[in-house]
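Trainee: Sequence first, predicted coordinates after that:
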Amino acid sequence: MWKCSEKDNAVGRPPTGPGDPCSCPNCYPELQKRLRELEEAREALAVANRELHESRELLNAIIESIPNPIFFKNARGIYENCNRAFSEFLGIPKERLIGSTVYDVAPAELAAVYHRADLELMAEHGTQVYEAKVRYADGQLHDVIFYKSTILQEGGALRGLVGVMLDITDRTRAEEALRESERQLRLIFETSQAGIILVAADGTIQFANRQMAEMFGCLLEELIGSRYPDRIHPDERETGSSRMRRLIGGEVDHVATERHYLRADGSSFWGYLSGKRLENPDGSFQSLLGIIADITELKDAREELLRAHKLESLGVLAGGIAHDFNNMLTGILGNVSLARMIIPADHEAHPLLGRAQKASERARALTQQLLTFSRGGAPVKKVTSLAQLITESATFALRGSNVRCMFAIPDDLWPVEADPGQFSQVVSNLVLNADQAMPDGGVVAITAENVDKGAGEGRMVRISFEDTGIGIPGKYLSRIFDPYFSTKQQGSGLGLATVYSIVRKHGGTIRVDSQPGKGTLFVAELPAADTALPPQEPPPAGRPRGSERILVMDDDEFILDMVDAALRLLGYRVVTCREGGEALRLYRGEMAKGTPFDAVIMDLTIPGGKGGKEAVAQLRELDPAARVIVSSGYSNDPIMAHYADYGFDGSVGKPYNVEQLGSVLREVLGTAEG
């Protein structure tokens, strides 16, 4: 209440109402102060309104610029505000959204879910974070994370809530793609036929797949944490460790090589290693990735092919010298055996001739050993029981040795189709190899057994030769069947190569297992014959003799003279010639007289002339009933093995002695012995 006198009021402006100041000298200063305070308050309010407006504009600008949908609801669930992203997400203009509810913008079922979630949130006065699939205005389902929080008024009363949506569709798809990639990668790791490992800088195996563990012959748990260099064969450990250090040091970033590895049981295998240096983003070393494929069988096959090429090269040499050498040897062996037949048994020259014949036969064995490698050659097979052949050949090979044989051969051993002479070489060479491995004596265990391998391989006869000798170092095992390879001071280096070639040409296989100091095991397998053994015929008594007329064709005069003398000694009448055309003329002439030859012996190969292969075909046209024997220094020629397919009735390989020639002749003529 303003207090002033009437006099003052009379001087000043009278008050307009109760408590209103007047303009009297007593009230005017107070009035001025009051007016200034009101002006300041008005200006402060204007500033506050302006700042509030600017803040709202800034907040709206910020909200609008955020790419994530944002919305505001009051306590009744009515949209009070939202940003452009939310409007575009729903495909509804903002003007229509303001004042609407979730039931106005979403299907009833989804709206009920959203509304229930809002009620739970507002009841708790807290926050919510959850994932949901939301269908956008474009009709596509998106993976969304909802972030919701309640808004409280001063005093704690509920004002409403704010919600932010984060579209994680791309992230979800990326995570799914990553999971799928990991699944596929894991599948590749687990199904890969190659071993996969990760190796740390100190050589520790950090990761491996199960195939790698199987290759090394251990559990996966045992492999991880072990040292990679310890898995390399000692022969290659230094080289392998050196390459690993170069990879770790960054000198190279990749290696590809064959590596010899050890299994847990001490055996070994060959692997093809592809190694890669893995780096961190800053280029520093992370780990070594190794992919290892077991190439043991491939390497064996490759070495087998290389060995076959070596044998083929040797075969070219052997075939080249065979004919001439065997022709000379035939003359020597035939004449020596002929001399022994003529000279009385008590003559002082008889034992000398016997030694000469044995020496010639040993030379023949060496020739046959060389011819085993000859290209295109084939053994002269017949159904044979290996039991007696193995026993006799092994015992003969060890005569005079301090090594003995121990046999385990069943009585019902299946017969095989084999060349007895060639397979005798197999037994002899393997037994001699064992004998040389046991200089202080010992036992060679020879076992034979029937093995039915079922479909694919069928019935096989397996023969094992096991000694307790010095063994063969691992580095030599891959070369022992190579021609001329030998670790011994004595020997030609052809023994095991001969064994290998003969077994292969019989359709069989041979393998070796050896450890130094523990002995060696050779295992050969031959296909069993489909037919039974033929009945054994008693050996002929006495010297085979005859009286028939025989035509002999050979380009070597030395052999012609020997055969002529030998057959005449056996009672035959002989006509000789040196070429196939001449043989045909002689045979045609005798047929015209009505006195054809009883048999013809033809040399297979005549340099510069007609040999037996061409001549026999024309001879069959002249006389289909002619009886023809083929003879050749190429005793492994396919014609010698399958003479009947080429029109011959029998074969005799050079070199031969008189008894062998007479025996073949009697067999072809079909006359009695005596």
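Mentor: Arrived safely, thanks for sending.

Trainee: From here on, just use CA atoms for contacts and neighbour counts.
Mentor: Will do.

Trainee: Quick check: the residue nearest the centre of the chain vs residue 240, distance?
Mentor: The centroid of the chain falls nearest to residue 295 when counting by CA atoms, centre = their mean (4.5 Å). Going from residue 295 to residue 240 by CA to CA, to the nearest Å gives 17 Å.

Trainee: before we move on, back to that, just confirm the residue nearest to the centre of the chain contacts residue 270, I think it does.
Mentor: Yes - applying CA atoms under 8 Å as the test, residue 295 and residue 270 come out as touching, 5.6 Å apart.

Trainee: Run a quick neighbour tally on residue 457.
Mentor: 9 (other CA atoms under 10 Å).

Trainee: now swap in residue 306 and tell me
Mentor: 13.

Trainee: pLDDT of the helix or strand harbouring it, averaged?
Mentor: For residue 306, the element it lies in under DSSP states H and E is helix 296-342. If you average the pLDDT over helix 296-342, you get 74.

Trainee: mind showing which ranges of the stretch 351-500 of the chain have poor pLDDT?
Mentor: Within the stretch 351-500 of the chain, the segments meeting pLDDT under 70 span 362, 364-378, 483-494.

Trainee: any chance you could map the strands in it?
Mentor: Counting by DSSP state E, counting those that start in this stretch, the stretch 351-500 of the chain has strands at residues 382-384, 403-408, 416-418, 442-452, 459-466.

Trainee: With respect to residue 191, which of those strands lies nearest?
Mentor: strand 442-452 (32.5 Å; CA to CA).

Trainee: Give me the helices and strands touching the closest one, please.
Mentor: When contacts are defined as 3 or more CA pairs under 8 Å, 6 or more residues apart in numbering; DSSP states H and E, strand 442-452 sits against strand 403-408, helix 420-437, strand 459-466.

Trainee: any chance of those in CSV, plus mean neighbour count and distance to residue 219?
Mentor: Compiled in CSV, the helices and strands packed on strand 442-452 are given as follows (neighbours: other CA atoms under 10 Å; distance: least, CA to CA, whole Å):
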stretch, mean neighbour count, distance to residue 219
strand 403-408, 17, 39
helix 420-437, 21, 38
strand 459-466, 21, 33
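
Trainee: coming back round to it: figure out which of the strands of the stretch 351-500 of the chain is closest to residue 189.
Mentor: strand 442-452 (37.2 Å).

Trainee: what angle sits between the closest one and strand 459-466?
Mentor: Going by axes from the mean of the first three to the mean of the last three CA atoms, to 10 degrees, strand 442-452 is angled at 170 degrees with respect to strand 459-466.

Trainee: got the contact list for whichever strand or helix holds residue 525?
Mentor: Element membership of residue 525 [criterion: DSSP H and E] is strand 519-527. With contacts defined as CA atoms under 8 Å, 6 or more residues apart in numbering, strand 519-527 is touched by 416-417, 430, 434, 458-472, 503, 506-514.

Trainee: Where does pLDDT dip in the chain?
Mentor: For the chain, the stretches flagged by pLDDT under 70 are 1-28, 307-308, 310-324, 362, 364-378, 483-494, 535-545, 634-636, 671-674.

Trainee: now with 50?
Mentor: Low-confidence segments of the chain, defined by pLDDT under 50, span residues 1-2, 7-12, 375-376, 489-492, 671-674.

Trainee: follow-up on the earlier one: could you export the strand holding residue 525 as PDB, CA atoms only?
Mentor: C-alpha atoms of strand 519-527 as PDB (Å, rounded to 0.1, in the frame of the first residue of the first chain):
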ATOM      1  CA  GLY A 519      66.200-107.700 -40.800                       C
ATOM      2  CA  THR A 520      64.300-107.500 -44.100                       C
ATOM      3  CA  LEU A 521      61.000-108.900 -45.400                       C
ATOM      4  CA  PHE A 522      60.200-109.400 -49.100                       C
ATOM      5  CA  VAL A 523      56.600-110.300 -50.000                       C
ATOM      6  CA  ALA A 524      55.800-111.300 -53.500                       C
ATOM      7  CA  GLU A 525      52.200-112.100 -54.700                       C
ATOM      8  CA  LEU A 526      51.300-113.900 -57.900                       C
ATOM      9  CA  PRO A 527      47.800-114.500 -59.400                       C
END
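
Trainee: Give the next helix or strand downstream of that strand.
Mentor: Moving toward the C-terminus from strand 519-527, the next helix or strand (DSSP H and E) is strand 549-553.

Trainee: Let me see the residues that make contact with that following strand.
Mentor: Residues from elsewhere that reach strand 549-553 (CA under 8 Å, 6+ apart): 560, 563, 572-580, 583, 597-603.

Trainee: Help me confirm that residue 382 comes into contact with residue 418.
Mentor: Yes - here residue 382 reaches residue 418: they are 5.5 Å apart, a contact under CA under 8 Å.

Trainee: neighbour count winner among these two?
Mentor: Using other CA under 10 Å as the criterion, residue 382 and residue 418 rank with residue 418 on top: 26 against 16.

Trainee: Residue 219 versus the more buried one, what's the distance?
Mentor: 46 Å.

Trainee: Likewise for residue 138?
Mentor: 54 Å.

Trainee: Can you pick out the residue with more neighbours from the two?
Mentor: Higher neighbour count among residue 138 and residue 219: residue 219, with 13 against 10, using other CA under 10 Å.

Trainee: so that one makes contact with residue 212?
Mentor: No - counting by CA under 8 Å, residue 219 does not reach residue 212; the two are 9.6 Å apart.

Trainee: And the closest residue to residue 299 other than its chain neighbours, how far from residue 565?
Mentor: Closest residue in space to residue 299, ignoring its immediate chain neighbours: residue 270 at 7.6 Å, by CA to CA, 6 or more residues apart in numbering. Plainly put, residue 270 is 62 Å away from residue 565 if you go by CA to CA.

Trainee: what do you get for residue 667?
Mentor: Using CA to CA, one gets 20 Å for the distance from residue 667 to residue 565.

Trainee: go on, residue 113?
Mentor: From residue 113 to residue 565 the distance is 120 Å (CA to CA).

Trainee: Which of the two has more residues huddled nearby?
Mentor: residue 565 (18 against 11).

Trainee: and the helix or strand hosting that one, what other elements does it pack with?
Mentor: Using DSSP H and E, residue 565 sits in helix 557-569. Contacts defined by 3+ CA pairs under 8 Å, 6+ apart place helix 557-569 against helix 296-342, strand 549-553, strand 573-577, helix 658-669.

Trainee: out of the ones you listed, which comes closest to residue 482?
Mentor: With CA to CA as the measure, helix 296-342 is the member of these nearest residue 482 (6.0 Å).

Trainee: I figured residue 627 was touching residue 649, is that so?
Mentor: Yes - using CA under 8 Å, residue 627 is in contact with residue 649, at 6.0 Å.

Trainee: Helices along the stretch 1-150 of the chain, start to end?
Mentor: Secondary structure of the stretch 1-150 of the chain (DSSP state H, counting those that start in this stretch): helices at 6-11, 28-65, 84-90, 94-97, 102-105, 108-124.

Trainee: still on that earlier bit, got the contact list for the residue nearest to residue 299?
Mentor: Each residue near residue 270 by CA under 8 Å, 6+ apart is listed here: 258-261, 294-296, 299.

Trainee: Bridged to residue 254, which residues?
Mentor: On the basis of DSSP bridges, residue 254 takes part in beta bridges with residue 276.

Trainee: what about it, neighbour count?
Mentor: Neighbour count of residue 254, defined by other CA under 10 Å: 18.

Trainee: likewise the one 3 residues further on?
Mentor: Counted with other CA under 10 Å, residues neighbouring residue 257 total 11.

Trainee: heads up, I number from 21, so please use that
Mentor: New numbering, starting at 21: the last item is residue 277.

Trainee: hang on, it packs against residue 294?
Mentor: Yes - assessed by CA under 8 Å, residue 277 is found in contact with residue 294 at 6.8 Å.
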